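Enquirer: build me a model from this:
(2 chains)
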Amino acid sequence: MSKSDPAREHFTEALAVREGADGVHGRPREERPAPAAPGPWPPPGTPVRPYGDTRDDGSVQLSFTLPVQAGPLAVEAARQLAVKMGLEVPKVAAHRDLGEGFTMFVVYGRTAHSVDLAAVEVPRPRFRVLGFDELNRYIRERIGRRLVVVGACTGTDAHTIGLDAIMNIKGYAGHHGLEGYPEFDAHNLGSQVANEALVARAMDLEADAILVSQVVTEKDIHIPNLTRLVDMLEAEGFRDDVVLICGGPRISHELAVELGYDAGFGPGTLPPEVASFIAQEVVRRGLVQ
Amino acid sequence: MPLSIRADENQIARARRAAAAVTGEVQGFINRHSTVSIERTVARFFGVDGADGDGVPYPNLVVDNLSRSGRLGDGLALPLARAMAYHGLSAQEVAEAVARGAIDLAKVPARADDAGRQTAAALAAEAAGRVQARRAERDRLLRELPPGPPPLLYVIVATGNIHEDAVQAQAAARQGADIVAVIRTTGQSLLDYVPYGVVTGGFGGTYATQEHFRIMRAALDETGSKLGRYIRLVNYCSGLCMPEIAAMGALERLDMMLNDAMYGILFRDINMRRTFVDQFFSRVINAYAGIVINTGEDNYMTTSDPVKHGHTVLASQFINEQFALRCGLTPVQIGLGHVFAMDPSLEDGLLLDIAQAALTRAVFPGCTLKYMPQTRHKTGDIFHSYLIDGLHNLVSVLTGQDVVLLGMMTEAIHTPHLQDRFLAIENARHTANTARHLGEELILQADGRIQARAAEVLAGAVEMLGHVARVGLMQAVEDGLFAGIRRARDGGKGLEGVFERGPGYFNPLLDRMLAANREACEAAGGCLGDAGEGERP
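Expert: Below is the predicted model of the structure:
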């Protein structure tokens, strides 16, 4: 590495920052005074940075593997990679020989970046989570009939754990699934249901909502599968009559909307959230009749 | 010596008797039926392989040909061998001629029957010889390249591309893995054929094909000989093609097969009659090939609550054991799956896990126990996940599990990365080493929580098996007694592939292998196996 190497310059510069290091942990001493009385943090407009043990130290931990034989070359390569990722003073805390010419690293560094919370937008479905009794009452008063919901794991997906958590009476985390609500008529079609079969069943039952669960998302297999369902519903002229929802560990609301769904629910979603959304969406869209 | 736990011998004997009755009744059904997949397996053993221009495998084409004329009832073996003898062709040549429309298996003159029977017997003997040669090869390699101390460390690879899988498997073996399973692509279990050749583009796993078996076997043999440690290879003998995959595995020297008597019914909605009939021949082949089967009771805990339904796992293990013994599998070839399943937030959950693991060890002392990791409560928090896996590994060494499937810290995120597997292996090796003789040092409180839980689970299993014996297994599955999943006896996929055996049903491979398995069982001190029909008590 030559002296004019930008990585080295960056390194040297970063070292300069460390001049006041306490010599025990090699941790830079912060110039800023300690925050006064604890209050809500951050104050509006303050950029946030990762917190290691001092506010705004930017401390980040990461690990990765390089296809390089373990040794000093591998360690330096990992360090330079961390610099390129924008980490200051990256430290390769450990490296492990994985065999077959691979080395794993544990790296710590300080990121120079920050995020302005005021500028962060989180796309999420708009609804209010109602309690069990409150929701049943809402449906009786605002809709005046039971809501029909059809759920399935579509395509080749055989993982029903998420769908079962939302649909089945047993539910999840102490909350009944849709089957447990007197005002929902829930049909869990189970795993590996063809999109055609799901559409046919939903139309047959005149469903108010369709829930699609996708767990296997390797190589984005779920994307074309989810898109096809939307296409089919549109071809049948049924899309506008139904609340269309997808869920799964790698599903976000943003992705769902992009694919033509009304909402997407990720991991940790509770049955009352999905139930509340369906009821309020039916009312909002005027699908009561 | 694992942690010793008290299990009532009378209760265990009652459970076994009930399970024998349960499986005996189903065995009666099995013995009167065959399936298209069983007949395709005969075609494969006779030498039919490959696929036509549209990718339809020749074994499917010959069976479909006979089936169309309604003549499959007596099996494929004689019609295929008769055509070979009559036309003077190899099995493959007959299959290709059938595919072209040049031969109709139903129209070969019956006067070729005697020659056909001779040909069939010779082909069956030759195929059995090939399987025995692979088995002898494994025995020799296991002597030359002995594995380390138990538990054997089991990892999975699942890239969708067999060549990438091979790289990952070799790295895992070098890191300390003893057993490598190639996860099958999602959905293959529902294909009523086995794809041919190298097929990339699997999702969440890799297609099981005979060529893939060969590629992975060669890769693991190469690494195993370098390491001086035999690396076992696993695939999935499940779904609609159980016996065909068993044949492919037997011919390519796989060492273990996921092969459960009920998994396909419950978790893949495959018709129960199809599965019961298919599992029988597949297990006869696995037994003959010296393959250790792995049952899948661990899956119950993905849909059932482990605290309330722990006994269903034990009950199902008794049933799986009895089905397996009827195929001539020796106890050591019966790998029973169970799982480290408690909700991590549950107080004393670890105690419940220890109770179930130690009880399973005590109830099945001669079987190969395969202990599965927590997956249900993994969230993507890799740090929490690594701790849970460490506890799983501790319980497995404490309770003397034979095989431990390693939990991955990145469970619920992605199929394992190279470093995930490395860290999992390191976790397991560290735990096994540091706690090697812990089980010998500890004595359980006679009236303590762990003993009480074990007694509760065993009593629950005895009661459940008694009930299943009274209503019959098919009814019990219809009632949702296993994994909380209901399956109708005429529902699910693949029922159309089941047919009643005709009066002249002939399957020389089944006859030959089953007889040899029985003989081996008896030579090994006898086993409870009986393929005969049982009476409902």
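
Enquirer: touching chain B at all, the strand or helix carrying A:Val75?
Expert: For A:Val75, the element it lies in under DSSP states H and E is helix A:72-84. No - Helix A:72-84 is not in contact with chain B by Cβ under 8 Å from any Cβ of the partner chain; minimum separation 12.5 Å. Just so you know, the C-beta spots here come from the backbone N, C-alpha and C atoms, and that holds for glycine as well.

Enquirer: pull out the buried positions in stretch B:470-488.
Expert: Neighbour counts over stretch B:470-488 (16 or more other Cβ atoms under 10 Å in any protein chain shown) mark B:Gly472, B:Leu473, B:Met474, B:Ala476, B:Val477, B:Glu478, B:Leu481, B:Phe482, B:Ala483, B:Gly484, B:Ile485, B:Arg487 as buried.

Enquirer: what's the pLDDT at the last one?
Expert: Think B:Arg487. We have a pLDDT of 91 for B:Arg487.

Enquirer: before we move on, back to that, now for the buried residues of stretch B:470-488: which two are most distant?
Expert: Farthest-apart pair in the buried residues of stretch B:470-488 is B:Gly472 and B:Gly484; separation 18.9 Å (Cβ to Cβ).

Enquirer: got a list of what residue 285 touches?
Expert: I went with chain A, as the question did not name one. The neighbours of A:Arg285, taking Cβ atoms under 8 Å, 6 or more residues apart in numbering or on different chains as the test, are A:Val243.

Enquirer: ah, I was thinking of chain B
Expert: Contacts of B:Ile285 by Cβ under 8 Å, 6+ apart are B:Thr41, B:Val131, B:Pro243, B:Ala246, B:Ala247, B:Ala250, B:Leu509, B:Met513.

Enquirer: so which of these are in strands?
Expert: Cross-referencing those against strands under DSSP state E gives no overlap.

Enquirer: mind putting the residues you listed in a markdown table, neighbour count and pLDDT included?
Expert: Below are these laid out as a markdown table (neighbours: other Cβ atoms under 10 Å in any protein chain shown; pLDDT from 0 to 100):
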| residue | neighbour count | pLDDT |
| --- | --- | --- |
| B:Thr41 | 30 | 98 |
| B:Val131 | 22 | 98 |
| B:Pro243 | 30 | 98 |
| B:Ala246 | 31 | 98 |
| B:Ala247 | 29 | 98 |
| B:Ala250 | 27 | 98 |
| B:Leu509 | 27 | 98 |
| B:Met513 | 26 | 97 |
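
Enquirer: farthest pair within the residues you listed?
Expert: B:Val131 and B:Pro243 (13.1 Å).

Enquirer: and A:Thr156, what's its pLDDT?
Expert: pLDDT, A:Thr156: 73.

Enquirer: tell me the SS of it?
Expert: coil (DSSP: H, G, I helix; E, B strand; the rest coil).

Enquirer: how many residues are close by it?
Expert: 19 (other Cβ atoms under 10 Å in any protein chain shown).

Enquirer: that one: what's it in contact with?
Expert: Contacts of A:Thr156 by Cβ under 8 Å, 6+ apart are A:Gln192, A:Val216, A:Ile221, B:Thr186, B:Gly187, B:Leu190, B:Phe203.

Enquirer: tell me which two of those residues sit farthest apart.
Expert: Applying Cβ to Cβ across the contacts of A:Thr156, the maximum distance is between A:Ile221 and B:Leu190, 15.2 Å.

Enquirer: what's around the closest residue to chain A within chain B, how many residues?
Expert: Going by Cβ to the nearest Cβ, chain A is nearest to B:Gly187 of chain B, at 3.1 Å. B:Gly187 has 21 neighbours, counted by other Cβ under 10 Å.

Enquirer: before we move on, the earlier item: between the contacts of A:Thr156, which is closest to B:Phe318?
Expert: B:Leu190 (28.3 Å).
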